[in-house]
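Student: fold the stuff below for me.
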Amino acid sequence: MASTTVRRLPYKDFLQPTLHKRFAVPIWGLLALSYFEAIALSRWDSFWWVWFPVGPTGARTVFLTLSALSIVILHIAQYHAGLRTSDSGFQTFVQHALKLQTAEAIVSYVFSAFIFSQVYLWSVPNNAGLEWITYFSADRARLNEKAVFFTVHFFILGLLGAFLHLFKDLDYLSFAVKSQRPRDATALWKAFLEKLPSVLVSALNHSLTGLALSTIIYSLFLRSTIWRTLLFFLRPIYSLPRTNMVPVSLPFSLRSLVRCWTASLMLLLVWTAANIIFTMFIAQEPLKNGKPLTSESKDPNGSLLSGLKSKKLNIRAFAFWELALIARNFPERRVAIYQDIERTGGPAWAQIYAICTDMLKGMESRIDSFGKPPQPPAPVTAAPAIEKQRTTQPPKEEAIFTKTLQKNYFRNEVEKVVNDLATAPGQGSQLSPMAKKAMETAKQQLLQAQKMATGSDDTQGLVREMALKVLKSSFGWPFRQEYHRRVSKVVLGSPFGEPSLLINATTALGQLATHSLTEDKFGNVQRDVATIIRTLTAVTKKLETFKKTVYAHWTDVSSTQECPKVDSVLAAMKHTLGELVDEFGPYARDLRLSMTDMRLAREAAGPLDGAAVGL
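Tutor: Predicted structure coming up:
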């Protein structure tokens, strides 16, 4: 039993040191990649200085590593658990575009691209034609536009990299993976090497796209402004000509474009490798030396409970993952949970049971509230107003001009029409037959003109048809409210939803309840088994019904009724419920489970395939 006087360390004190060690792995890998690229950029005029780390190659390695580190630091600052859940891509953009994280991503990628571009310009030989200042004679200097275009190209490449980083949400750590994941560094590096072909293809496509964008954007929109700005700052230093005229020749040649492409490919290999290595090494099981992270704590259960109750989604995701691993693979920790009955706030099992069931009931409440209008705020009870005594006579309700302008016949008639319209709209005035005929003629002419122009006289249907055409195009994708987005938002929550929380909460409940048959000597878990089965039955049936009956939004032109993330949650609940029914079926009467309860549970679980579900 855990003593209540033992100082409990929070879960983050065990998680953060482990993550810091995992952060070092991508850094060493990127350092090695930067060293090889520094060798590739050498001028090969001396075999010794090509590979010797102290010298030009070492200096290039330092700056290339700094370029790669800006991406790693971005990941460390912004990594998160939970999918971005919203009804559409445009709604996701509105929610996240103006956040500080967006500016950080842009600055990190542009800085990385700029550092790499200048290292490359410094490394190329003099005959490459990429020096910043060219000299036609001893005292005649000129700004080289090919170097300007090269640098601007990498600025645009950095913007494109930041856009793709945010669009693909590369900072998201995926926890919900059912397959066996490699645990040691050797297996992880082997898995990364297997992804190298896809890394090369992605970098190749990205580099070609960036080069095409740079050529168009620089030539049409940026050339004159950037040329004059650079001349303004560099003219006092290099005594450049006073004229600001843009050169007549093209800002690039075939040779310089090839160099832009090869340099872009080298940089994109570093970016892609940093993104993949970071995700692979960080999103690993919360284990240390083969044991749960909290095993080294003086109060392991207390530290684990602090992680389960954390308000930060990242910490909770790792804590629930550790709980599921403990419930499935570590008997000594399960026994410690069963026997921990003297704890502030209740026994360890009771607190874990409450946290996990609250997770499931939260999903159930979100499903119940789907499609319903939001609850109005509670009315504020105000103090009764004190009626003030009137000091003047109330205004008269009779017509204003009745007494003052009796002789003005036209004014009186206008007043009468206005009063009739105000008191009984639609009944106070009647149009003359000529006016009615004119209005009808104008209406018919308008409808006829619309039909001749569009071929249809249904205005609402025409607008809807045009909107569907836009939605089916590639430009309409951000505005589609697709099935998987809407279902994920309801089931997982918003603005971030992590499916592994529901999967691991369900797995932990089922495994702790199943193993309690042989390991819980106090029998505390048995009291809650019936409630667990009923809760899982109700939530499973409600989720399955919700997936089948959720209406398709008219903007969902694909009409694909699939949502893999929610399907994994449903599969975990079905599997856990099936195991509980099989294990506790013989004891149903002792647990006060009726035949109806067991029948409904079997129907909700469906056929049990015996496959392991969870993380």
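
Student: what sits against the spatially most central residue of the chain?
Tutor: Centroid-nearest residue in the chain: residue 84, 3.2 Å away (criterion: Cα atoms, centre = their mean). For residue 84, the contacting residues are 92, 95, 96, 169, 172, 495, 496, by Cβ atoms under 8 Å, 6 or more residues apart in numbering. C-beta: built from backbone N, CA, C; applies to glycine.

Student: just the element for the first one, please.
Tutor: Pointing back at residue 92 there. Here residue 92 sits within helix 89-96, counting by DSSP states H and E.

Student: show the pLDDT at the residue nearest to the centre of the chain.
Tutor: Model confidence at residue 84, given as pLDDT, is 90.

Student: does it have beta-bridge partners, and which?
Tutor: Residue 84 has the following beta-bridge partners by DSSP bridges: residue 496.

Student: quick check: the gap between it and residue 237.
Tutor: 47 Å (Cβ to Cβ, to the nearest Å).

Student: ditto for residue 513
Tutor: For residue 513 relative to residue 237 (Cβ to Cβ), the value is 76 Å.

Student: what does residue 127 give?
Tutor: 24 Å.

Student: correct me, but residue 18 touches residue 288?
Tutor: Yes: the pair formed by residue 18 and residue 288 meets the contact definition of Cβ atoms under 8 Å, at 5.9 Å.

Student: residue boundaries of the strands in this structure?
Tutor: 83-84, 133-137, 140-143, 287-288, 291-292, 496-497 (DSSP state E).

Student: my read: residue 156 touches residue 215, true?
Tutor: No: look at residue 156 against residue 215 with Cβ under 8 Å: they stay out of range, at 9.6 Å.

Student: domain ranges for this structure?
Tutor: Following automatic domain parsing, one gets these domains for the chain: 18-282, 292-368+481-605.

Student: of those, which is nearest residue 11?
Tutor: domain 292-368+481-605 (2.9 Å; Cβ to Cβ).

Student: thinking again about what came up before, make a markdown table from the strands of the chain and add distance to residue 592 to it.
Tutor: Formatted as a markdown table, those follow (distance: least, Cβ to Cβ, whole Å):
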| stretch | distance to residue 592 |
| --- | --- |
| strand 83-84 | 39 |
| strand 133-137 | 88 |
| strand 140-143 | 86 |
| strand 287-288 | 38 |
| strand 291-292 | 34 |
| strand 496-497 | 35 |
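
Student: what's the weakest-modelled helix or strand in this protein?
Tutor: helix 409-423 (a mean of 47; mean pLDDT, DSSP states H and E).

Student: where does the chain have low pLDDT?
Tutor: For the chain, applying pLDDT under 70 flags the ranges 1-8, 44-45, 48, 137-139, 176-185, 188-189, 374-440, 442-464, 474, 608-615.

Student: distance from the chain centre to stretch 548-565, please.
Tutor: With Cα atoms, centre = their mean, to the nearest Å as the basis, stretch 548-565 stands 20 Å off its chain's centre.

Student: so for it, what gets flagged as buried?
Tutor: Across stretch 548-565, burial judged by 16 or more other Cβ atoms under 10 Å covers 550, 555, 556, 557, 563, 565.

Student: make a markdown table out of these and add distance to residue 102.
Tutor: Putting the buried residues of stretch 548-565 into a markdown table (distance: Cβ to Cβ, whole Å) gives the following:
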| residue | distance to residue 102 |
| --- | --- |
| 550 | 31 |
| 555 | 25 |
| 556 | 27 |
| 557 | 28 |
| 563 | 27 |
| 565 | 24 |
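
Student: can you map out the helices along the stretch 251-400 of the chain?
Tutor: Per DSSP state H, counting those that start in this stretch, the stretch 251-400 of the chain carries helices over the ranges 254-282, 300-308, 313-329, 331-339, 348-368.

Student: so which of those comes closest to residue 230?
Tutor: Closest approach to residue 230 among the helices of the stretch 251-400 of the chain is made by helix 254-282 (17.1 Å; Cβ to Cβ).

Student: for that closest one, list every residue counted as buried.
Tutor: In helix 254-282, counting by 16+ other Cβ under 10 Å, buried: 256-257, 259-261, 263-282.

Student: now do stretch 198-208
Tutor: 199, 202, 203, 206, 207.

Student: now it: how far from the chain's centre is it?
Tutor: 23 Å.

Student: what's that stretch in contact with?
Tutor: With Cβ under 8 Å, 6+ apart as the test, stretch 198-208 has contacts from 157, 160-161, 164, 261, 264-265, 268-269, 271-273, 276.

Student: quick one: which of the residues you listed is nearest to residue 73?
Tutor: Using Cβ to Cβ, these come closest to residue 73 at residue 271, 13.2 Å.
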